[in-house]
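Undergrad: below is the sequence, then the predicted model.
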Amino acid sequence: MSFIDRLKTKIGDILSNSDEETLRRDSLQPEDPDFLLNSPSVIGYNNLREQFVGFQHLITGFNPLTDSLLDVGCGRGDLYGFISELHKVPKFNYIGIDHDPKMLNLAKEKYNIDIYNLPFDATTEKADWVVACGIFTPRRCNTETEDLEKLFDDVDKMYNLCNKVVSFNLLTPINTTIQEGFFYVHPGLVMDMLIEKYHYVTVKHNYSNETYTVTINKF
């Protein structure tokens, strides 16, 4: 069985072992006391399965026993929790940063980890893997051209901070509903631009109608 197959099986096990809890968390509403702590919608997902599958593709090949990880826009640290559960490691070399100060308390309460409250532009932390899950989802500039320039500038910063791998998710404009205020980038354009600069690029547009994952290997 390949690593991806084992990973899919493990994700299924994580979800199926607590079907009732999974459904409860998927259906949490803002008035529920643990909404901010446990709802997937708080950090931009429709349900836990979508969140976990996105994480799966983001960190394929990551080894918490040997690799450090910088999680850009980490939110409440759910990627840390996912890796810990997946690999059965209570602690590993993880650095989380998020611009929202509320996330510091949520990460501490949920996973007993400390994350940094600072914008991505301000970080100088380096790691073997630098990942971003969701920070490129909203429109951040006034025009599409400016958004693209901002995206590629941020990818370059991630590349300069990593020792081994950069990985991030983007919204696809193909066969999906375009919503106002969100940033969609054609995967062909991304692949062409990034391969020209970084050479070793993989685009995974094979698991979702809404998102895809870009991985850059640094050799």
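TA: Looks like it arrived, so ask away. Numbering: from 1, shown residues only.

Undergrad: all contacts plus neighbour counts: C-alpha atoms, from now on.
TA: Fine.

Undergrad: nearest spatial neighbour of residue 48, chain-adjacent residues omitted?
TA: Leaving aside its chain neighbours, residue 48 sits nearest to residue 40 (5.9 Å; criterion: C-alpha to C-alpha, 6 or more residues apart in numbering).

Undergrad: so that neighbour touches residue 26, yeah?
TA: Yes: checked against C-alpha atoms under 8 Å, the pair residue 40 and residue 26 is within contact range at 6.5 Å.

Undergrad: for the residue nearest to residue 48, what are its contacts?
TA: The contact partners of residue 40, taken as C-alpha atoms under 8 Å, 6 or more residues apart in numbering, are 25, 26, 46, 47, 48, 51.

Undergrad: now do the residue most central in space within the chain, the pLDDT please.
TA: The residue lying closest to the centre of the chain (C-alpha atoms, centre = their mean) is residue 133, at 2.2 Å. We have a pLDDT of 89 for residue 133.

Undergrad: quick one, phi/psi of it?
TA: phi -120, psi 100 (degrees, to the nearest 10).

Undergrad: surely it touches residue 70?
TA: No: if you go by C-alpha under 8 Å, residue 133 and residue 70 don't touch, sitting 11.3 Å apart.

Undergrad: what pairs with residue 70 across the strands?
TA: residue 95, residue 130 (DSSP bridges).

Undergrad: contacts only, for it.
TA: Counting by C-alpha under 8 Å, 6+ apart, residue 70 has contacts 94, 95, 96, 97, 125, 126, 127, 128, 129, 130, 131.

Undergrad: repeat that for 10 Å
TA: 93-97, 125-132, 158, 161-162, 166 (C-alpha atoms under 10 Å, 6 or more residues apart in numbering).

Undergrad: all helices for the protein, in order.
TA: 3-16, 19-26, 35-38, 48-58, 78-87, 102-111, 144-161, 187-198 (DSSP state H).

Undergrad: closest to residue 65 out of the ones you listed?
TA: Residue 65 lies closest to helix 78-87 among the helices of the chain, at 9.2 Å (C-alpha to C-alpha).

Undergrad: which residues touch the closest one?
TA: Outside helix 78-87, the residues that reach it (C-alpha under 10 Å, 6+ apart) are 7, 10-11, 13-14, 37-38, 40, 43, 51-52, 54-56, 58-59, 62-65, 69, 71, 74, 88-96, 107, 110-111, 113, 131, 133.

Undergrad: much appreciated, bye for now.
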